[in-house]
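Chemist: show me how the following folds:
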Amino acid sequence: MSRSFLGHMGLLAIVFLIEGIAQTGRTGANDADEMMRIPGGSFLMGRDDGAADERPQHRIDLPEFFIDRLPVTNSQFARFLDAKGAQGSAATQWYDRNDNDARIHIRVGKWQADFGFETHPVIETSWFGAVAYCDWAGKRLPTEAEWEKAARGTDGRKYSWGNDPPDRTRAHFSAGWDDFRPVGSFPKGASPYGVLDLAGNGWEWVSSGYLPYPYDAADGREDLRRELVRVTRGGGQDSAAEELTTTHRGGHVSRNFRSGHHNIGFRCAR
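Modeler: Below is the predicted model:
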């Protein structure tokens with residue numbers, strides 16, 4: 001086999017690799033769609049020494065599930081918008097495209113993430129938009145209980161990484177209005193199951209309605225058709241350190257479920 005042929009094949013391999021990365025936005029172990037397995041079993045939900053809406057602490061048993069390792073990014077959500085549009089109906093807007101904080105726009109007839117914001121967590125998605133994206137991806141939003149177990153594990157930790165207070169190596173917080181970081185930037189903040197970005201860098205929608213504890217999946221809070229304020233978890237890029245706990249329910253956050261917000265994104269489960 002000639003050297004020129006081998007060289008040509010090598011060049012083709014490089015071209016195919018580059019094209020593949022461009023089309024998917026991911027490579028191998030850094031797959032942005034990677035999901036982490038959360039084993040079935042019980043864990044402690046809530047805190048008796050936290051905010052009123054985190055009480056009482058109670059034990060919840062969950063079956064095995066999977067959750068996205070990373071939040072959904074602007075590039076990922078742009079692909080959804082390109083396939084499905086920005087709203088399901090006049091009453092269910094999926095993305096606040098005209099908001100000044102939106103980082104996905106139509107360019108040359110195609111929805112695309114703004115340059116430099118491709119790997120930032122998507123914001124300005126309504127709760128309906130988050131539900132629709134997860135369904136389009138063959139997944140669903142995590143419940144509030146699932147989100148907390150994925151972040152907290154079974155040892156009752158205060159933060160996803162343990163009980164040490166937040167610092168700049170573990171989370172992005174107390175920052176400006178639109179000051180985000182690319183997803184996955186804080187590996188030291190990983191949860192016991194290897195899930196990242198569960199503290200700071202954007203709140204996350206979950207499926208659950210914002211109802212009092214104890215958590216009960218059968219009491220209507222998981223009915224996606226009910227007109228309920230929905231819970232947000234994890235803390236935003238502009239949150240104070242005390243809002244980054246695994247139990248904080250974001251009760252003070254502006255979160256009209258019909259509109260997008262400058263500090264709320266999401267991830268999916270299955």
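Chemist: only C-alpha atoms from now on, for both contacts and neighbour counts.
Modeler: OK.
Chemist: name the helices or strands packed onto whichever strand or helix holds C134?
Modeler: Assigned by DSSP states H and E, C134 belongs to helix 127-136. Packed against helix 127-136 by the contact rule (3 or more Cα pairs under 8 Å, 6 or more residues apart in numbering; DSSP states H and E) you find helix 74-84, strand 92-93, strand 203-209.
Chemist: tell me the most buried of the ones you listed?
Modeler: Among the helices and strands packed on helix 127-136, the stretch with the highest mean neighbour count (mean count of other Cα atoms under 10 Å) is strand 203-209, at a mean of 27.
Chemist: just after that one, pick out the following helix or strand.
Modeler: Next along the chain from strand 203-209, counting by DSSP H and E, comes strand 230-233.
Chemist: buried ones in stretch 231-249?
Modeler: Within stretch 231-249, the residues scored as buried using 16 or more other Cα atoms under 10 Å are 231-239, 241, 243-249.
Chemist: send me that stretch as PDB with only the CA atoms.
Modeler: Below are the C-alpha coordinates for stretch 231-249, written out as PDB (Å, rounded to 0.1, in the frame of the first residue of the first chain):
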ATOM      1  CA  VAL A 231     -39.700  23.900  41.900                       C
ATOM      2  CA  THR A 232     -36.200  25.100  40.900                       C
ATOM      3  CA  ARG A 233     -33.000  23.500  42.400                       C
ATOM      4  CA  GLY A 234     -29.300  24.100  42.600                       C
ATOM      5  CA  GLY A 235     -28.700  27.800  42.900                       C
ATOM      6  CA  GLY A 236     -28.000  30.300  40.200                       C
ATOM      7  CA  GLN A 237     -24.900  32.100  39.000                       C
ATOM      8  CA  ASP A 238     -26.100  35.100  41.000                       C
ATOM      9  CA  SER A 239     -27.000  33.100  44.100                       C
ATOM     10  CA  ALA A 240     -25.500  33.500  47.500                       C
ATOM     11  CA  ALA A 241     -23.500  30.600  48.900                       C
ATOM     12  CA  GLU A 242     -26.400  29.500  51.300                       C
ATOM     13  CA  GLU A 243     -28.600  28.900  48.300                       C
ATOM     14  CA  LEU A 244     -26.300  26.100  46.900                       C
ATOM     15  CA  THR A 245     -27.300  23.400  49.300                       C
ATOM     16  CA  THR A 246     -28.700  20.100  48.100                       C
ATOM     17  CA  THR A 247     -32.000  20.800  49.900                       C
ATOM     18  CA  HIS A 248     -32.700  24.400  48.800                       C
ATOM     19  CA  ARG A 249     -36.000  24.600  46.900                       C
END
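Chemist: pLDDT of that stretch, averaged?
Modeler: For stretch 231-249, mean pLDDT rounds to 98.
Chemist: by mean pLDDT, show me the worst of the helices and strands packed on helix 127-136.
Modeler: strand 92-93 (a mean of 92).
Chemist: what does it contact?
Modeler: With Cα atoms under 8 Å, 6 or more residues apart in numbering as the test, strand 92-93 has contacts from 86-87, 126, 128-129, 258-259.
Chemist: closest one to A145 out of those, please.
Modeler: F128 (19.4 Å; Cα to Cα).
Chemist: which residue is the nearest non-sequential neighbour of the closest one?
Modeler: W94 (5.8 Å; Cα to Cα, 6 or more residues apart in numbering).
Chemist: residues contacting that neighbour?
Modeler: By Cα under 8 Å, 6+ apart, the contact list for W94 reads 86-88, 125-130, 132, 259-260.
Chemist: quick one: pLDDT of it?
Modeler: Taking W94 on its own, its pLDDT is 97.
Chemist: cool, and the one 4 residues further on?
Modeler: According to the prediction, N98 has pLDDT 93.
Chemist: the one 5 residues further on too?
Modeler: If you check R103, the pLDDT there is 98.
Chemist: quick check: closest non-adjacent residue to it.
Modeler: Take R103 and drop its neighbours on the chain: the residue closest to it by Cα to Cα, 6+ apart is D114, 5.4 Å away.
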